[in-house]
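Peer 1: Okay, sequence plus prediction incoming.
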Amino acid sequence: MITPRTPSGVLELLPAEQIAFQRMLDVIRSAYERFGFLPIETPAYELSEVLLTKTGGETERQVYFVQSTGALEKSAAGETTGLPEMALRFDLTVPLARYVAEHEHQLTFPFRRYQMQRVYRGERAQRGRYREFYQCDIDIIGKDELSPRHDAEFPAVIHQVFTDLAIGPFTIQLNNRKLMRGFFEDLGIADGDLQARVLREVDKLDKRGPDYLRTTLTGEGFGLSADAVEQVLDFVAVRSTSHEDALARLDDVVARSAGSAALAEGAAELKVVLDLVRALGVPEGDYRLNFSIARGLDYYTGTVYETTLDEHPEIGSICSGGRYDDLAGQYTKSRLPGVGISIGLSRLFWQLREAGLVHAAESTVQVLVPQMDPDLLPQTLALATELRQGGINTESVLDGGKLGKQLKYADRAGIRFVAILGPQEVEAGTVTVKDLRRADQFSVPQDEVVRALRVELAQPLELT
């Protein structure tokens, strides 16, 4: 006999927790749609040559390849060479690039899409890190150009999502890669590759601290002077405290600049974004400048975002993203700039559960209709149908048994109401409704049971 077990690196939940997870998905989807984003889905696997636009590197070592048994037989016989034809997607950005390039002439630009699907990475499985996990992405893709004004929408969406999720106070942190690159140019760090590597190290500041940054940036492979590193540390320590303070800090950075055009452009873009974020109704206490936010991915070119929970900084970023110049340069000659954010929901759910911020949810079943008498099965099924048609999630008991056993089942399954239709109720034309949470019951005419249960379900549950 084979021992049943899940593979490592997956989040498999029992129904009560799956309901809580699904409700988070529903909240995120609702917020995305409220801001005018349209849904798409792409296949779990893509052609390897499309997915892996660059050979080698960390990404390729984490990709799961897909082969049929027939392809494996051909490979064993030496009839095929090279990589397998298919590979599982490791994020939603590369499939989006392929999707937009392929359907470019059928889409309306700017193209606003949301996508909420599983992705797969062959990472070392550990607590809270998964090989299969949900990403919830939104992006706005332009044709030839895309105004920085669109960057301001994402803090507004983030604010809506995490307000609706109600998981505690949070802060949306913003920066701009142009601003940072311009600052490095002023320091004499002009080489693009060196700038990118410094940015990747700066992005680790909050996790590893300033001493790590001093040692790394003055060490082998970087060779920055101690004075330059201290200037970097002073720069990345900037955090604004209000909207006006953010604008003043940008003015100060520009005033201190040696004339970098990139720095001036980044500061101007951030001013546009900040003013529109406020115009979109995001409270100024919920967003701030953070000059240490760089995002490790090199394809970000402008505004970047990270969001953290104020009372749980140990969780780290719960939503991140940014601006990129050319989404689909590997697949089309058209220039398709864009901006987007991503929520890694599987990891976020696990972290929130560990922190006690989300809990198992009650059953989605609202009413159980037990079987009191096998001869009354047609009537109890008709009652269940009436409740469902009235918009009430209802489960019917088909096998019967003692009422106490059926009530115990409802209680263990998290079903609050039981609608009883026994011989006495049929004779009286009534239904007995038991509220298992309040340990109460009442009788109601059968033609009023839907209305009565709707009233009960609409009231907040207050237990004493």
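Peer 2: Cool, got the structure.
Peer 1: Tell me which strands the helix or strand containing Gly340 pairs with, and in which orientation.
Peer 2: Following DSSP states H and E, one finds Gly340 within strand 338-344. In the sheet, strand 338-344 lines up against strand 132-141 (antiparallel), strand 319-324 (antiparallel) (DSSP bridges).
Peer 1: contacting residues around the last one?
Peer 2: What that stands for is strand 319-324. Strand 319-324 is contacted from outside by 148, 151, 154, 158, 161-162, 177, 295, 299-307, 337-343, using Cβ atoms under 8 Å, 6 or more residues apart in numbering. C-betas here are computed from N, CA, C, even on glycine.
Peer 1: now these: which count as buried?
Peer 2: 148, 151, 154, 158, 161-162, 177, 295, 300-307, 337-343 (16 or more other Cβ atoms under 10 Å).
Peer 1: which of the residues in stretch 122-141 are buried?
Peer 2: By neighbour count with 16+ other Cβ under 10 Å, stretch 122-141 contains the buried residues 130-141.
Peer 1: again, but for stretch 67-75
Peer 2: Using 16+ other Cβ under 10 Å as the burial criterion, the residues of stretch 67-75 that qualify are Gln67.
Peer 1: sec struct for Val426, please.
Peer 2: Following DSSP: H, G, I helix; E, B strand; the rest coil, we place Val426 in the helix state.
Peer 1: What is the burial count for it?
Peer 2: 17 (other Cβ atoms under 10 Å).
Peer 1: Please tell me how far it sits from Asp275.
Peer 2: Distance from Val426 to Asp275, counting by Cβ to Cβ, to the nearest Å: 68 Å.
Peer 1: Same check on Asp310?
Peer 2: 24 Å.
Peer 1: Tell me which of these two has more neighbours.
Peer 2: More neighbours surround Asp275 than the other of Asp310 and Asp275, with 15 against 11 (other Cβ under 10 Å).
Peer 1: Contacts only, for Gln62.
Peer 2: Gln62 makes contact with 90, 121-123, according to Cβ under 8 Å, 6+ apart.
Peer 1: Oh, that last question was meant for Leu421, not what I typed.
Peer 2: 369, 372, 376, 379-380, 383, 431-432, 446 are the contacts of Leu421 under Cβ under 8 Å, 6+ apart.
Peer 1: Leaving out chain neighbours, which residue sits closest to Arg61?
Peer 2: Gly122 (7.3 Å; Cβ to Cβ, 6 or more residues apart in numbering).
Peer 1: going on from the lowest-mean-pLDDT helix or strand in the chain, what's the next piece of helix or strand?
Peer 2: Within the chain, confidence by mean pLDDT, DSSP states H and E is lowest for helix 57-61 among all helices and strands, at a mean of 60. Sequence-wise, the next helix or strand downstream of helix 57-61 (DSSP H and E) is strand 65-66.
Peer 1: What is the neighbour count of Met180?
Peer 2: Number of residues near Met180 (other Cβ under 10 Å) recorded here: 25.
Peer 1: what's the neighbour count on Thr430?
Peer 2: Neighbour count of Thr430, defined by other Cβ under 10 Å: 19.
Peer 1: I'd like the next helix or strand past the strand holding Gly340.
Peer 2: Later in the chain than strand 338-344, the nearest helix or strand by DSSP H and E is helix 345-354.
Peer 1: and Leu213, what does it touch?
Peer 2: Leu213 is in contact with 201-202, 204-205, 229, 232-233, counting by Cβ under 8 Å, 6+ apart.
Peer 1: how far away is Ser147 from Glu265?
Peer 2: 14 Å.
Peer 1: Which pLDDT value belongs to the most centrally placed residue in the chain?
Peer 2: Residue closest to the average C-alpha location in the chain (Cα atoms, centre = their mean): Ile343, at 2.3 Å. At Ile343, the model reports a pLDDT of 96.
Peer 1: beta partners for it?
Peer 2: Cys136.
Peer 1: Report the separation between it and Ile318.
Peer 2: As judged by Cβ to Cβ, Ile343 and Ile318 stand 7 Å apart.
Peer 1: Likewise for Thr108?
Peer 2: According to Cβ to Cβ, Thr108 stands 31 Å off from Ile318.
Peer 1: same deal with Arg118?
Peer 2: 19 Å.
Peer 1: Could you do Gln389 as well?
Peer 2: From Gln389 across to Ile318, the span is 40 Å (Cβ to Cβ).
Peer 1: Settle it for me: which of the two has more neighbours?
Peer 2: Ranked by neighbour count (other Cβ under 10 Å), Gln389 and Ile318 place Ile318 first, with 23 against 10.
Peer 1: Isn't that one up against Thr308?
Peer 2: Yes - applying Cβ atoms under 8 Å, one finds Ile318 in contact with Thr308, separated by 6.6 Å.
Peer 1: Provide a list of residues in contact with the closest residue to Leu96 other than its chain neighbours.
Peer 2: Distances taken as Cβ to Cβ, 6+ apart put Asp139 closest to Leu96, at 6.2 Å, once the chain neighbours are dropped. The contact partners of Asp139, taken as Cβ under 8 Å, 6+ apart, are 93, 96, 112-113, 327, 338-340.
Peer 1: Asp139 and Ser342, how far apart?
Peer 2: 9 Å.
Peer 1: Please apply the same query to Gln330.
Peer 2: Using Cβ to Cβ, we find Gln330 at a distance of 20 Å from Ser342.
Peer 1: before we move on, what about Pro7?
Peer 2: Counting by Cβ to Cβ, the gap from Pro7 to Ser342 is 24 Å.
Peer 1: And for Leu174?
Peer 2: Per Cβ to Cβ, Leu174 is found 16 Å from Ser342.
Peer 1: cool, Ala228 as well?
Peer 2: From Ala228 to Ser342 the distance is 33 Å (Cβ to Cβ).
Peer 1: And Asp234, by the same measure?
Peer 2: For Asp234 relative to Ser342 (Cβ to Cβ), the value is 31 Å.
Peer 1: Which two among the contacts of Leu213 are spaced furthest apart?
Peer 2: The distance between the two most remote of the contacts of Leu213 (Cβ to Cβ) is 14.2 Å, for Lys204 and Val229.
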